[in-house]
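*Asks:* give me coordinates for this.
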Amino acid sequence: MKLLKLHRILFFNLLVLMLSSCVDEIDFNTENLESALVIEATITNELRQQEVLLSRTYAFESEVPAHESNAIVTIDSNLGSVMFNEVSPGRYVSDSQFRAQPNIAYVLRIQTIDGKLYQSNEVQLTPEIEIDRLTAVRETLTNSGEGMSIYLDSFDTTEDGNYFRYEYEETFKIIAPKWSSLDLVVVEEPQFDCEVALEVKQQEERVCFRTENSNTINVLNISGLSENSVLRHRVRYINRDDYRISHRYSILVKQYVQSLEAYTYYQTLNDFSESESVFSSNQPGFFAGNISSVNNSEEKVVGFFDVSSVNTKRLFFNYEDFFPNEGLPPYINRCFEFAPRQFSQAPGVCGSLLNEITRNDVKYVSLNLNPNPAIPGPYLVVVRECGDCTALGENVPPSFWVE
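*Replies:* Okay, here's the model as predicted:
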């Protein structure tokens with residue numbers, strides 16, 4: 001889960017708005033929105049370059065967040081200080097690989113370009129708990145219909161892990177349903193004669209792979225259970241009509257063991273994001289994390305510095321394994337064939353086909369053997385993603401992929 005998925009936060013009194021019985025039209029323009037620093041920072045026991053994300057709260061009418069650039073970011077402990085470098089706007093990566101160590105107190109420190117200082121509480125690494133099993137199950141849910149559920153089981157031998165957060169990274173195979181081995185290209189010479197030609201494709205465009213990350217908050221509290229076990233916890237549900245599972249599907253699940261404070265923060269964030277109120281569905285208001293301003297104790301800071309142990313496990317399955325001899329889910333596009341004009345009715349003017357080829361908007365399917373006034377062009381084509389899978393993913397299998 002990326003906290004920045006939920007960062008459209010407005011610092012006006014949401015409670016008053018939700019309880020108000022006024023039915024007058026509300027102007028949502030937020031020119032006087034308070035600019036608060038938004039921080040996403042989770043370091044783990046994985047040996048890697050750790051990451052901190054910084055941005056600013058932004059208003060309803062804004063399209064994208066304001067990344068916080070040119071900050072000085074460090075994580076300090078009695079093992080030393082680790083510097084973070086900005087590798088893209090608002091994204092800071094440690095200048096060396098490191099892993100969080102047990103029984104070490106870590107502090108996140110940030111200095112923004114305007115000289116303001118921010119500091120987290122001291123945080124220690126949580127115990128490590130392995131994922132024992134991932135299971136894919138075909139089932140029907142009351143409110144979601146039939147599809148595939150991914151369940152997780154794990155057992156805590158330390159009896160110290162009660163709070164968990166789950167993320168996943170899913171990768172799936174895409175097969176372009178209207179793929180052809182031929183491409184339409186514009187003939188450059190002679191000029192302005194509206195000529196096109198068919199050529200053999202020079203790259204793989206039939207089979208691709210797409211990876212997407214989870215963008216929801218999935219937390220779990222087992223502190224009230226008699227055994228420290230996570231049994232049959234659903235980390236993902238995919239409806240059977242979702243094109244992601246049409247062929248081969250893989251999911252990498254990440255299990256973070258959290259402190260009570262981290263769990264409480266993410267559970268509160270989740271409660272706000274799931275509210276049915278139009279004012280709070282994407283506007284969680286303000287609640288404190290474990291990061292504060294050094295200069296001004298009244299300044300609002302959004303975010304939490306988390307030091308969590310993480311364990312991962314991957315699962316593969318094929319659609320036909322669970323839906324044998326059943327039709328595939330609908331493709332992401334209905335892939336209607338059409339035939340744009342090659343030549344315009346106006347003398348010396350080309351039809352729309354050439355522009356669509358030049359912009360890479362369409363892909364060739366076949367010759368138009370039965371032209372009619374509705375589809376007069378000589379070539380049947382489809383929108384790009386129907387004949388070229390690279391519009392949706394990468395044409396090289398990821399290193400972990402197995403058939």
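*Asks:* residues contacting residue 176?
*Replies:* Going by Cβ atoms under 8 Å, 6 or more residues apart in numbering, residue 176 touches 205-208, 385-389. Quick note: C-beta positions are derived from backbone N, CA and C, even for glycine.
*Asks:* nearest residue to it in space, please, no chain neighbours.
*Replies:* Nearest non-adjacent residue to residue 176, counting by Cβ to Cβ, 6 or more residues apart in numbering: residue 389, 4.4 Å away.
*Asks:* kindly report the same for residue 293.
*Replies:* residue 299 (4.0 Å).
*Asks:* and the pLDDT for the one you found?
*Replies:* In this model, residue 299 is scored at 91, pLDDT.
*Asks:* doesn't residue 288 make contact with it?
*Replies:* No. Judged on Cβ atoms under 8 Å, residue 299 makes no contact with residue 288 at a distance of 11.2 Å.
*Asks:* one step back: now list the buried members of the contacts of residue 176.
*Replies:* The neighbour count (16 or more other Cβ atoms under 10 Å) marks 205-206, 208, 385-389 as buried among those.
*Asks:* number of residues surrounding the closest residue to residue 221 other than its chain neighbours?
*Replies:* Closest residue in space to residue 221, ignoring its immediate chain neighbours: residue 163 at 5.7 Å, by Cβ to Cβ, 6+ apart. Here the count is done by other Cβ atoms under 10 Å, and residue 163 has 22 residues near it.
*Asks:* okay, helices next: where are they in the stretch 251-400 of the chain?
*Replies:* For the stretch 251-400 of the chain, the helices defined by DSSP state H, counting those that start in this stretch occupy 260-273, 319-322, 352-358, 384-387.
*Asks:* most packed of those helices?
*Replies:* For the helices of the stretch 251-400 of the chain, the largest average neighbour count (mean count of other Cβ atoms under 10 Å) is found in helix 384-387, namely a mean of 22.
*Asks:* so what does it touch, helix or strand wise?
*Replies:* strand 362-367 (3 or more Cβ pairs under 8 Å, 6 or more residues apart in numbering; DSSP states H and E).
*Asks:* pull the CA atoms of the strand it packs on into PDB?
*Replies:* Extracted in PDB, the C-alpha atoms of strand 362-367 (Å, rounded to 0.1, in the frame of the first residue of the first chain):
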ATOM      1  CA  VAL A 362      -4.200   1.400 -34.300                       C
ATOM      2  CA  LYS A 363      -2.900  -2.100 -35.200                       C
ATOM      3  CA  TYR A 364      -3.600  -4.000 -38.400                       C
ATOM      4  CA  VAL A 365      -5.900  -7.000 -38.300                       C
ATOM      5  CA  SER A 366      -6.600  -7.900 -42.000                       C
ATOM      6  CA  LEU A 367      -7.600  -6.600 -45.400                       C
END
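*Asks:* okay, and for the stretch 101-250 of the chain, where does confidence drop off?
*Replies:* Scanning the stretch 101-250 of the chain for pLDDT under 70 picks out 157-159, 189-192, 226.
*Asks:* for the residue nearest to residue 353 when sequence neighbours are not counted, grab the count of nearby residues.
*Replies:* Excluding the flanking residues, the one nearest residue 353 by Cβ to Cβ, 6+ apart is residue 340, at 4.1 Å. Look at residue 340: counted by other Cβ under 10 Å, it has 20 neighbours.
*Asks:* for residue 340, give its distance to residue 379.
*Replies:* Taking Cβ to Cβ, to the nearest Å as the measure, residue 340 falls 8 Å from residue 379.
*Asks:* now for those two: what residues contact both?
*Replies:* The contact lists of residue 340 and residue 379 share residue 353, where a contact means Cβ under 8 Å, 6+ apart.
*Asks:* reformat the buried ones among the contacts of residue 176 as a markdown table; add distance to residue 97.
*Replies:* Shown next, in a markdown table, are the buried ones among the contacts of residue 176 (distance: Cβ to Cβ, whole Å):
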| residue | distance to residue 97 |
| --- | --- |
| 205 | 37 |
| 206 | 38 |
| 208 | 31 |
| 385 | 37 |
| 386 | 42 |
| 387 | 42 |
| 388 | 37 |
| 389 | 34 |
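*Asks:* I'm done for today, thanks for sticking with me.
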